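Undergrad: sequence and predicted model, in that order:
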Amino acid sequence: MPTTPATGPTVSPSPGRFGLGTAAVGRPGYITLGRDLDLPAERTVAALRERTHGLLDAAYAAGVRYFDAARSYGRAEEFVGEWLAAHPAADDVLVGSKWGYTYTADWRTSGVPVHEVKEHSVAVFDRQLAETRALLGDRLNVYLVHSVTPDSPALTDPALHERLAALTDQGVRVGLSTSGPAQAEAIRAALAVTVAGRPVFAAVQSTWNVLEPSAGPALAEAHAAGWFVVVKEGMANGRLADRNAADALRTLAAGTGASCDALALAAAAAQPWADVVLSGAATTGQLASNLTAPALDPDRLAALAGLAEPAEAYWRTRAALPWA
């Protein structure tokens with residue numbers, strides 16, 4: 001499992017520190033700002049399969065070795081599994097996925113009251129693990145409970161913990177993803193969960209970006225405990241892209257000669273506890289821009305701290321983003 005050198009934020013990350021997330025291309029609807037400009041006009045299964053495979057090709061060629069999917073990302077696991085089958089030499093790729101949300105939009109973007117339904121039960125785990133295995137086989141390396149909050153039964157259900165421990169014994173790194181203003185509380189609660197004296201969780205994927213850095217101290221604790229730490233939503237669902245960025249970020253980017261997205265992802269990758277930072281690119285051009293982040297001077301990132309918002313305010317804004 002990749003690790004981050006514990007040498008502080010002056011370490012310049014390599015492309016291998018970045019991963020490719022497939023939330024934006026595995027299904028026709030998502031909440032990234034400006035996504036309607038990035039995807040094919042006809043978001044058919046075939047069109048998004050082709051787009052996903054092209055992104056995986058470009059990411060692998062650039063040195064990216066972590067691919068992220070989820071049961072609720074439409075056909076993302078299917079697309080990733082197909083790509084892996086077509087690239088048997090790519091056995092150095094680590095694949096992470098998530099269970100706990102069921103995709104309910106039926107490949108639609110409009111007229112859908114609920115796009116995904118969350119349930120962290122043993123029954124859902126059993127069903128979705130079988131579905132994931134059918135698509136990814138033995139290439140599943142990391143399996144996360146999707147979007148754990150402090151009130152999730154994933155933190156308190158002994159029967160589920162036994163299931164997760166059994167999956168660990170099969171060689172899969174078990175963990176959780178987090179969302180919401182209480183991410184730190186959920187991470188710290190998960191650190192305390194054990195079965196027969198053994199920790200249940202050993203990986204976490206959390207939102208961290210220059211607008212919402214509140215989970216940072218808890219993620220540092222998880223990293224110190226030996227967990228694999230993945231940063232998601234480093235672009236704040238498109239709010240930190242060039243076309244949507246606030247004037248303050250644009251000014252900082254202009255001073256470095258970098259794009260806003262590269263600056264935002266460089267800030268995430270500069271965190272000493274971050275093992276992998278996900279790109280959620282929907283085009284190969286976006287991916288190429290995202291991956292220029294390693295070339296940035298980490299010492300110039302300190303000014304980004306001033307962009308942080310109160311966590312509650314950030315998550316209210318995110319909840320209001322439209323599916324498109």
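TA: The structure has been received and is ready for your questions.
Undergrad: next one: stretch 273-293 to chain centre, how far?
TA: 11 Å (Cα atoms, centre = their mean, to the nearest Å).
Undergrad: tell me the mean pLDDT for the helix or strand containing A58?
TA: Using DSSP states H and E, A58 falls within helix 45-61. For helix 45-61, mean pLDDT rounds to 98.
Undergrad: what's the answer for stretch 114-126, then?
TA: 96.
Undergrad: which positions in the helix or strand of the chain with the lowest mean pLDDT come out as buried?
TA: Using mean pLDDT, DSSP states H and E, helix 247-256 stands out as the lowest-scoring helix or strand of the chain, at a mean of 88. Buried residues in helix 247-256, counted by 16 or more other Cβ atoms under 10 Å: 249, 252-253, 256. The way it works is simple: take the backbone N, C-alpha and C, and place the C-beta from them, glycine included.
Undergrad: and if you look at stretch 33-51?
TA: For stretch 33-51, by 16+ other Cβ under 10 Å, it's 33, 35, 38-39, 43, 48-49, 51.
Undergrad: which two from these end up farthest apart in space?
TA: L33 and R49 (24.0 Å; Cβ to Cβ).
Undergrad: CA atoms only: put stretch 151-159 into CSV for me.
TA: Output in CSV follows, covering the C-alpha atoms of stretch 151-159 (Å, rounded to 0.1, in the frame of the first residue of the first chain):
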residue,chain,number,x,y,z
ASP,A,151,-24.5,8.1,13.6
SER,A,152,-23.8,5.3,11.1
PRO,A,153,-24.4,1.7,12.3
ALA,A,154,-21.1,0.9,10.5
LEU,A,155,-19.5,2.2,13.7
THR,A,156,-21.6,0.2,16.1
ASP,A,157,-22.9,-3.0,14.5
PRO,A,158,-20.9,-6.0,15.8
ALA,A,159,-22.2,-8.4,13.1
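Undergrad: low-confidence ranges, this structure, go.
TA: The chain contains residues with pLDDT under 70 at 1-15.
Undergrad: give me the sheet partners of the lengthiest strand in it and which way each runs.
TA: Longest strand in the chain, counting residues (DSSP state E): strand 140-148. For strand 140-148, the paired strands and their directions (DSSP bridges) are strand 94-99 (parallel), strand 173-178 (parallel).
Undergrad: which other residues reach the helix or strand following that strand?
TA: Moving toward the C-terminus from strand 140-148, the next helix or strand (DSSP H and E) is helix 158-169. Under the contact criterion Cβ atoms under 8 Å, 6 or more residues apart in numbering, helix 158-169 has outside partners 120-122, 125-126, 129, 143, 145, 153-154, 174, 193, 195-196, 198, 200-202.
Undergrad: buried ones among those?
TA: Buried among the contacts of helix 158-169 (16+ other Cβ under 10 Å): 120, 125, 129, 143, 145, 154, 174, 193, 200-202.
Undergrad: put the alpha carbons of stretch 297-317 into CSV.
TA: Taking Å, rounded to 0.1, in the frame of the first residue of the first chain, the C-alpha atoms of stretch 297-317 are listed here in CSV:
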residue,chain,number,x,y,z
ASP,A,297,6.5,24.6,-5.0
PRO,A,298,4.8,23.5,-1.8
ASP,A,299,6.2,26.5,0.1
ARG,A,300,3.9,28.8,-1.9
LEU,A,301,0.8,27.0,-0.7
ALA,A,302,0.5,28.6,2.7
ALA,A,303,-1.6,31.5,1.5
LEU,A,304,-4.4,29.0,0.6
ALA,A,305,-5.2,28.5,4.3
GLY,A,306,-7.1,31.8,4.2
LEU,A,307,-9.7,30.3,1.8
ALA,A,308,-11.1,27.9,4.4
GLU,A,309,-14.8,28.2,5.2
PRO,A,310,-16.7,27.0,8.4
ALA,A,311,-17.4,23.3,7.9
GLU,A,312,-21.2,23.7,8.4
ALA,A,313,-21.3,26.4,5.8
TYR,A,314,-19.2,24.4,3.3
TRP,A,315,-21.5,21.3,3.6
ARG,A,316,-24.6,23.4,3.3
THR,A,317,-23.3,24.7,0.0
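Undergrad: buried ones in it?
TA: 298, 301, 303-304, 307, 309, 311, 314-315.
Undergrad: tell me where the chain has strands.
TA: Counting by DSSP E, the strands of the chain are 18-21, 66-68, 94-99, 101-103, 116-118, 140-148, 173-178, 194-195, 198-199, 203-207, 228-232, 276-279.
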